[in-house]
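**Q** sequence plus the predicted model coming up.
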Amino acid sequence: MEIPDRTDAAIHEAAHAVACVLMRRWFRDVAIYKTSYANAEGRIVFRNLHANNIPKDRYRKKLWLERQIVIYLCGVVADAHLSFWNGEVSEGQNPPIINLFYLEGHPEEARHAFENGVDDDTCLALHLKHVCGISDDEFYELFLRSVHIFRTYERAISSVSVNLIRKKRLKYYEVRDIVRSFGYL
């Protein structure tokens, strides 16, 4: 039986986890695991992710939802970078990964890709965009924030992913300690 490569899932989930730590968004744990179809998957379990725990006043609710959108989009950014690292996309191609359009400065193509995308993180981010009433320009700014997080904290994301591969599961405080070890907090 072929052992699945957990690197992609680990980096994807590590990007979510590091974004959570930076935005003070608590989670129970982040994990990667093997699925029945010989692929590695991951998940992050948020604490108190229930409608009753979302702030009620409009300003705090919008901030909370914007942070959640950035956290979801950090996974999309990680996937785009992984596609280059894995050689799935070469320079000059039009990759099917949405955020590369943004990275290359093509917001119209990115908007089309978002509208027709099936990626879970993208769908969740778009859903929150509609719930929050965020304009396309504001959403683009949130996306750029997620790109900034990935690029700025890439060493911490890489370290978290290595620990995820080794341990399979990390708690919030473990991810926080890794981020702190790089002097980011």
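**A** All right, it came through fine.
**Q** state the pLDDT value of the residue nearest to the spatial centre of the chain.
**A** Among the residues of the chain, the one closest to the centroid is residue 75, at 2.3 Å (CA atoms, centre = their mean). Note for residue 75: predicted pLDDT of 88.
**Q** looking at this, it is in a strand?
**A** No. Residue 75: not assigned to a strand; according to DSSP: H, G, I helix; E, B strand; the rest coil it is helix.
**Q** which parts of this protein are helices?
**A** Under the criterion DSSP state H, the chain contains helices at 7-22, 58-85, 98-103, 107-116, 120-132, 136-152, 154-167, 172-181.
**Q** show me what contacts the closest residue to the residue nearest to the centre of the chain other than its chain neighbours?
**A** Once flanking residues are discounted, residue 75 sits nearest to residue 121: 4.3 Å by CB to CB, 6 or more residues apart in numbering. No exception for glycine: its C-beta is placed from N, CA and C like everyone else's. For residue 121, the contacting residues are 72-73, 75-76, by CB atoms under 8 Å, 6 or more residues apart in numbering.
**Q** and the pLDDT at residue 119?
**A** Looking at residue 119, its pLDDT reads 62.
**Q** what's around residue 44, how many residues?
**A** Residue 44 has 23 neighbouring residues, counting by other CB atoms under 10 Å.
**Q** could you do residue 183 as well?
**A** Look at residue 183: counted by other CB under 10 Å, it has 7 neighbours.
**Q** if I pick it, what's in contact with it?
**A** Counting by CB under 8 Å, 6+ apart, residue 183 makes contact with nothing.
**Q** give me the phi and psi for it.
**A** Residue 183 has phi and psi values of phi 80, psi 20 when expressed as degrees, to the nearest 10.
**Q** could you measure from the residue nearest to residue 75 over to residue 43?
**A** When CB to CB, to the nearest Å is applied, the distance between residue 121 and residue 43 equals 12 Å.
**Q** try residue 15
**A** Going from residue 15 to residue 43 by CB to CB gives 13 Å.
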